[in-house]
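Undergrad: have a look; sequence and predicted model below, questions after that.
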Amino acid sequence: MSRPSPKRKQPAPSLSAKTMAEVLLSSDLLETLPDAIVAVDHSGTIVQVNSQMQELFGYGRDELMGQKIEMLVPNRYRRQHQHHRKNFEEVPKTRRMGADLDLYGKRRNGSEFPVEISLSPVSTGKGTFVLSAIRDISDRKRIAEELRRANEELHQKTAEQLGEYRARLASIIDSSEDAILSKDLNGIITSWNRGAEHIYGYAPEEAIGKHISVLTPSDRTNEIPEILGKIGRGETVDHHESVRVTKDGRQLNVSISVSPLRDTTDKIVGASVIARDVTAQKRSEGQLRQAQKMEAIGRLAGGVAHDFNNILGIINACTEFLRDRIDPAAEPSVYVENIKKASERGRSLTKQLLAFSRTSAIQPRVLDLNERLRDISKLLRPLLGDDVEILVVPKSPSAVVEADPGQLDQIVVNLAVNARDAMPRGGKFILETGSVRFDEEFAYQHQAMAAGKYILLTVSDTGSGMDETTISRIFEPFFTTKETGKGTGLGLATVYGIVKQSAGHILVYSEPGQGTTFKIYLPSAEHKIGFGSGTEVETVRPKRRAATILLVEDDEIMRSLTRQLLQEHGYTVVEADDGKSALQWAESHPVPVDLLLTDVVMRRMSGPELVERLHASRPDLKVVYMSGYTGELIAEREMVKRGITLLEKPFTRTALLNTIHATLE
């Protein structure tokens, strides 16, 4: 007879603090954000910084930790800053400071510079911490001041000097990375700087003369008339956050400031607009909010599971007592058995919740993932059915990790269940293992994970795939796309919790109709059993010759990082954000291109279709594909021909350069 579970103890405060330090306030997470980030506690003491913070203020990390935040504020503002900090503590909420305030930071060498600050409160078991994102706006202030001075000088100079100062003003405007443009009161664009061309993609001759609504999404048609109405009344619009559309159809998050333009009689004749692309900043803020949400859900799930286990313990015990006191042949015994089965189902649910919240007990041991997968693959046949082919592809002779065997099995089974639902007419379920090493640069640029050696478990299917909206929520508990009664929504939440509990990381690649790939990175444990021969050092093969590379990638950040890695190694890089843009460039620029580096799945035109079109005019063009899908899955989908060079994302700098060098030989 089972006994009731003991009363659940309240989690120790240190667990909450540790969780927040490891997830929300971890240096790994903060390093992924583009701004200088500093975290302070309720007393204003610095508890965490990222490297951008150190670089901006000139202090080392050890010099900042444990100090008051006022050390970064000029002396004349410190008392006022303490007052603002206390007011924020009384009413904590996310806010941006600097649009209408003169805020300054103080570097280690004593120099001061203007800043804009975004504040975000983070509640923990030890109180509220404040995350501050600090941006140096010296360039913005400089351009604004130069514009003001140039305008003053324009009114003071004679007609003979007017042309010279107009040229100077145009030079200042064109030097800005922000989009600076003007329009009349009807919304017709009258000027367009290089920053606007870079951000929106339109050349000046394409934009000037068109209505400003060409940049506006269809769901924001009322925004332009409202802004023009304010300008007509002499009002200004400061740091208005909105969405704009580029020439190639991409949507950008922008921060817009609009001011009235007046003629010599002080009559309002139009508007000047300064727009800044804040898409990357918004993405980083979203990542932080998602991490906070997942952490909060995890704590809630863990608390509910523990309490529910206590209730189930009571039900279980009472059921056992009833079974001993009722004749097994009597009708009530059937109801007792139903109660028993229901409590067992409830216990299974709580185990999944505890796995997601990372509070369940585990029994890790050192094991070879290759061997484990061979064993569990035999159990997947009745689960997946005869119309699904199961492939186990060990790409590394050993894949030693330290993990709970039962939890590893649960990861594979949960992913297999989802794959089965995504392949109602059959398909392929592929399990692959490999070994990867991330250097410091890769870890900094790509993931909030430490540098080092990892064992990669890749789980793929040839099913229906998922869209971006679904992918953004798949790890949330109780989120499911299945019909009511056909899924609890805990399968992938459990996988996420197990991976994180094992100090690992999980990535998802999927497109509607193109299948799904989960990439799970677990720290290598070869050193614990004497495998390997010390620290592996990846080396870049020497480059044989200079070359021009056409890079085609629809993810802006991924494209920028790849271009930077190639250019730093001496390659000439031409960028395109999809296959159609790459084809248009190639047709209008009959210059030699040595190699095409392209993503496989893209909007408008896929990588394989681009290759086929380019080979018609450039038959000797060498090709390297990039994809978050594995080579096995791409080959099975016949996205590209077998034998083609494929670089699997995420890749290291060494893997990228060695692949490029080998292909160009």
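TA: Good, I have the coordinates.

Undergrad: where in the stretch 1-150 of the chain is pLDDT low?
TA: 1-25, 27, 98-101, 125 (pLDDT under 70).

Undergrad: how about the helices in it?
TA: Using DSSP state H, counting those that start in this stretch, the helices of the stretch 1-150 of the chain run over residues 13-22, 27-31, 51-57, 61-64, 78-90, 138-156.

Undergrad: what residues sit buried inside the longest one?
TA: So that's helix 138-156. Buried residues in helix 138-156, counted by 16 or more other Cβ atoms under 10 Å: 140, 143, 146, 147, 150. (C-beta placed from N, C-alpha, C; glycine too.)

Undergrad: likewise for stretch 380-395?
TA: In stretch 380-395, counting by 16+ other Cβ under 10 Å, buried: 380, 384, 388, 393, 394.

Undergrad: in strands, which of these appear?
TA: 388, 393, 394 (DSSP state E).

Undergrad: give the contact list for the closest residue to the last one other than its chain neighbours.
TA: The reference is to residue 394. Once flanking residues are discounted, residue 394 sits nearest to residue 370: 4.5 Å by Cβ to Cβ, 6 or more residues apart in numbering. Taking Cβ atoms under 8 Å, 6 or more residues apart in numbering, we find residue 370 in contact with 394, 396, 397, 398, 399, 433.

Undergrad: of all those, which comes closest to residue 44?
TA: Comparing those against residue 44 with Cβ to Cβ places residue 399 closest, at 47.7 Å.

Undergrad: for burial, what's the neighbour tally of the closest residue to residue 474 other than its chain neighbours?
TA: Spatial nearest neighbour of residue 474, excluding adjacent residues (Cβ to Cβ, 6+ apart): residue 492 at 5.0 Å. A count of nearby residues for residue 492, using other Cβ atoms under 10 Å, gives 24.

Undergrad: surely residue 492 touches residue 475?
TA: Yes. Using Cβ atoms under 8 Å, residue 492 is in contact with residue 475, at 5.5 Å.

Undergrad: JSON lines for the ones in strands among the buried residues of stretch 380-395, including pLDDT?
TA: Shown next, in JSON lines, are those (pLDDT from 0 to 100):
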{"residue": "388", "pLDDT": "90"}
{"residue": "393", "pLDDT": "89"}
{"residue": "394", "pLDDT": "89"}
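
Undergrad: could those be laid out in CSV, adding distance to residue 622?
TA: Formatted as CSV, these follow (distance: Cβ to Cβ, whole Å):
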residue, distance to residue 622
388, 36
393, 26
394, 30
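
Undergrad: out of the residues you listed, flag the one nearest to residue 41.
TA: For these, the nearest to residue 41 is residue 394 (48.0 Å; Cβ to Cβ).

Undergrad: ok, now which ones touch that closest one?
TA: Applying Cβ under 8 Å, 6+ apart, the residues near residue 394 are 370, 373, 432, 433.

Undergrad: spit out the contact partners of the closest residue to residue 333 other than its chain neighbours.
TA: Excluding the flanking residues, the one nearest residue 333 by Cβ to Cβ, 6+ apart is residue 326, at 5.0 Å. By Cβ under 8 Å, 6+ apart, the contact list for residue 326 reads 332, 333, 336.

Undergrad: show the buried residues in those residues.
TA: residue 336.

Undergrad: which ones among the contacts of residue 326 map onto helices?
TA: 332, 333, 336 (DSSP state H).

Undergrad: out of these, who's nearest residue 497?
TA: residue 336 (33.4 Å).

Undergrad: just grab the bridge partners of the residue lying closest to residue 75 once chain neighbours are set aside for me.
TA: Computed as Cβ to Cβ, 6+ apart, the closest residue to residue 75 that is not its neighbour in sequence is residue 106, at 8.0 Å. Beta-bridge pairing for residue 106 (DSSP bridges): residue 112.

Undergrad: does residue 106 really touch residue 114, like I thought?
TA: No. The criterion here is Cβ under 8 Å, and residue 106 misses it with residue 114 at 11.6 Å.

Undergrad: which strand or helix spans residue 550?
TA: strand 548-552 (DSSP states H and E).

Undergrad: that strand: which residues count as buried?
TA: Result for strand 548-552 [16+ other Cβ under 10 Å]: buried residues 549, 550, 551, 552.

Undergrad: for residue 60, which non-adjacent residue is closest in space?
TA: Residue 60 sits nearest to residue 54 (Cβ to Cβ, 6+ apart), 6.3 Å away.

Undergrad: ok, how many other residues are close to the one you found?
TA: 18.

Undergrad: and it, what does it touch?
TA: Contacts of residue 54 (Cβ under 8 Å, 6+ apart): 60, 61, 64.

Undergrad: now swap in residue 224 and tell me
TA: Taking Cβ under 8 Å, 6+ apart, one finds 187, 212, 213, 216 in contact with residue 224.

Undergrad: please report phi then psi for it.
TA: Note on residue 224: backbone dihedrals following degrees, to the nearest 10 are phi -60, psi -50.
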